[in-house]
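Asker: model this:
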Amino acid sequence: MAIHYNLAKVYAISDDDKEFVLQILNLFVTEVPEDLQQIKEGIKEKNHSQVYSFAHKTKPTLDLLGLENAYEEILQIEQWTKNLGKKKEIEEVFKSLSRRVDAALSEVKKDFSL
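Answerer: Here you go, the predicted model:
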């Protein structure tokens with residue numbers, strides 16, 4: 001039973017196509033960790049455009065997988081980039097986002113043997 005993610009939206013848009021669901025999950029497992037690393041590096045380097053680009057890319061996946069709190073945090077990160085915020089203003093939000101995504105990744109990998 002999924003605790004850290006929810007596949008209801010994925011099943012809804014796929015008409016319960018299990019192959020499609022697995023493709024979405026594989027995308028999540030392979031791309032989102034790389035995108036989060038790019039966000040982390042962008043925050044460290046105060047590269048707001050890099051952070052925005054990868055946050056914007058990641059946002060639909062978080063929504064699709066029902067990661068509501070992580071989705072809200074990615075919106076905060078996007079807003080931070082638009083405000084050209086200071087690094088210390090967003091570090092805790094990013095840490096929380098990373099923990100949520102890591103928990104979902106671990107659970108998805110276990111649940112689907114990925």
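
Asker: nearest residue to residue 21 other than its sequence neighbours?
Answerer: Residue nearest to residue 21 in three dimensions, not counting chain neighbours: residue 10, with 5.3 Å by CB to CB, 6 or more residues apart in numbering. The C-beta positions use only the backbone N, C-alpha and C, and glycine is treated the same way.

Asker: let me see the mean pLDDT of the helix or strand where that neighbour lies.
Answerer: Residue 10 belongs to helix 8-14 when assigned by DSSP states H and E. The predicted model assigns helix 8-14 a mean pLDDT of 94.

Asker: after that helix, which helix or strand is next?
Answerer: Next along from helix 8-14, by DSSP H and E: helix 18-44.

Asker: could I get the buried residue list for the worst-scoring helix or strand of the chain on mean pLDDT?
Answerer: Taking mean pLDDT, DSSP states H and E as the measure, the helix or strand of the chain with the lowest value is helix 8-14, at a mean of 94. Buried residues in helix 8-14, counted by 16 or more other CB atoms under 10 Å: 10, 14.

Asker: any low-confidence regions in the protein?
Answerer: Scanning the chain with the threshold set as pLDDT under 70 gives 1.

Asker: contacting residues around residue 28?
Answerer: 61, 65, 104, 105, 108 (CB atoms under 8 Å, 6 or more residues apart in numbering).

Asker: correction: the previous question concerned residue 24.
Answerer: 10, 14, 61, 64, 65.

Asker: swap in 6 Å and give it another go.
Answerer: Applying CB atoms under 6 Å, 6 or more residues apart in numbering to residue 24 gives the contacts residue 10.

Asker: repeat that for the one 5 residues further on.
Answerer: Residues touching residue 29, when contacts are defined by CB under 6 Å, 6+ apart, comprise residue 114.

Asker: chain center to stretch 20-37, what's the gap?
Answerer: Offset of stretch 20-37 from its chain centre (CA atoms, centre = their mean, to the nearest Å): 9 Å.

Asker: only the buried residues of it, if you could.
Answerer: Neighbour-count burial for stretch 20-37 [16+ other CB under 10 Å]: 21, 24, 25, 28, 32, 35, 36.

Asker: could you measure the second one against residue 104, distance?
Answerer: In other words, residue 24. To residue 104, residue 24 is 13 Å away according to CB to CB, to the nearest Å.
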